[in-house]
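> Please find the sequence and the predicted model below.
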Amino acid sequence: MLKYNHYMPYHQKDSLSQNFIKFSELAAELIASSNISQNDLVLEIGPGHGVITKQLIKVCRQVIAVEKDPTLAQKLIDSTKDIPNLEIHLDDFLKFKLPASPYKVFANIPFSLTAEIISRFLKSTPLPESMYFLMQFEAAQKFVGQPESQSSLLCKPWYEIKIIGDIDRSNFTKKPQIIVVFVEFKKRPFPFIKDEFKNEYRDFILYGFNQWQPTFLESYQKVFTYPQLKTFEKTFKLTGLKPTEVSFDSWLQIFKTYLKIANSTQKETINTFRPKNLL
């Protein structure tokens, strides 16, 4: 069933930097390496010609596919008539209403929109149970945390992230000029940050990574007092370390300490800071 959510002007597909998979065998292999099963609701972003879509509908309870290109959406509905467990929505995913019930994500996303798409999921409720993306290798490294980055730190309290494997460029309709990998975001059974502190944690990470200071301690010098910074330096061995050189475990413990010791002025400094480029 094709659902037109609202009218959107369409631009050339090349502007979306999307490279579609050519082979159904590869799509089936990728799905088999995920934890998607017959009871799952799966959201697919940018199904294109439906190579992945037609494999997903074989193995899960329901597929919701969101396609921005009206021509591709119509072709996909024409080739999947009378399939009861498939919905195709003509919409911009970044404006699309996400499922209210538990769901998983499987997508060959436009590489240029990777950060925006994952950010959309991280801000949503409920969070997806798991997410599988084909993405650029350099972007995947940031999310995995090699080294730690703003992207990895914003995801890791809720997801275990790993690169499952790389995809040969010849498998795409338009051969990409970059290395493409298959990445798993697996939801933790017990998150490291409580829901009530989710926004504060996000603000804390964004603040530290957008001060453009050479070290972690200098990044937070306008927030913490000198004695507090010296305590952090000694406890977490932060001398001379850049934000990317501080381990995820240390970031977690520093944030939890911040929640306990920060006064209202210190928290306001963090919470009112808004960097231009957000994940």
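Noted; the coordinates are in hand.
> Next, count neighbours for residue 200.
Residue 200 has 17 neighbouring residues, counting by other CB atoms under 10 Å. Yep, even glycine has a C-beta here, placed from its N, CA and C like the rest.
> ok, now how distant is it from residue 47?
For residue 200, the distance to residue 47 equals 36 Å [CB to CB, to the nearest Å].
> ditto for residue 215
Using CB to CB, we find residue 215 at a distance of 45 Å from residue 47.
> So for the two, which sits in the more crowded spot?
Shown here are residue 215 and residue 47; by other CB under 10 Å, residue 47 has more neighbours (26 against 17).
> Secondary structure element holding the more buried one?
When elements are assigned from DSSP states H and E, residue 47 belongs to no helix and no strand.
> where along the stretch 1-150 of the chain do the strands fall?
Per DSSP state E, counting those that start in this stretch, the stretch 1-150 of the chain carries strands over the ranges 2-4, 41-45, 62-67, 86-90, 104-108, 130-136.
> okay, the ones you listed in a markdown table with mean neighbour count next?
A markdown table is the format used below for the strands of the stretch 1-150 of the chain (neighbours: other CB atoms under 10 Å):
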| stretch | mean neighbour count |
| --- | --- |
| strand 2-4 | 14 |
| strand 41-45 | 24 |
| strand 62-67 | 23 |
| strand 86-90 | 21 |
| strand 104-108 | 24 |
| strand 130-136 | 23 |
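> Going by mean pLDDT, which of the ones you listed comes out lowest?
The stretch with the lowest mean pLDDT among the strands of the stretch 1-150 of the chain is strand 2-4, at a mean of 36.
> Put together CSV for the strands of the stretch 1-150 of the chain, with distance to residue 210 on each row.
Output for the strands of the stretch 1-150 of the chain, formatted as CSV (distance: least, CB to CB, whole Å):
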stretch, distance to residue 210
strand 2-4, 38
strand 41-45, 27
strand 62-67, 30
strand 86-90, 34
strand 104-108, 27
strand 130-136, 22
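> Out of those strands, flag the one nearest residue 191.
strand 130-136 (14.0 Å; CB to CB).
> Output the contacting helices and strands for that closest one.
Other elements packing on strand 130-136 under the criterion 3 or more CB pairs under 8 Å, 6 or more residues apart in numbering; DSSP states H and E are strand 104-108, helix 114-122, strand 180-187.
> Residues contacting the following helix or strand past the last one, please?
Once strand 180-187 ends, the next helix or strand along the chain (criterion: DSSP H and E) is helix 198-209. Applying CB atoms under 8 Å, 6 or more residues apart in numbering, the external contacts of helix 198-209 come out as 122, 149-150, 153-154, 157, 193, 216, 219-220, 223, 243, 251, 255, 258-259, 267, 269-271, 273, 275, 278-279.
> Check which element follows helix 198-209 along the chain.
Scanning forward in sequence from helix 198-209 by DSSP H and E, the next helix or strand is helix 216-219.
> gap between the helix or strand just after that following helix and the chain center?
As assigned by DSSP H and E, the chain's next helix or strand after helix 216-219 is helix 226-236. Distance of helix 226-236 from its chain centroid, counting by CA atoms, centre = their mean, to the nearest Å, is 32 Å.
> Tell me the buried residues in helix 226-236?
Using 16 or more other CB atoms under 10 Å as the test for burial, helix 226-236 gives 228-229, 232-233, 236.
> Relative to residue 168, which of those residues is nearest.
residue 236 (42.0 Å).
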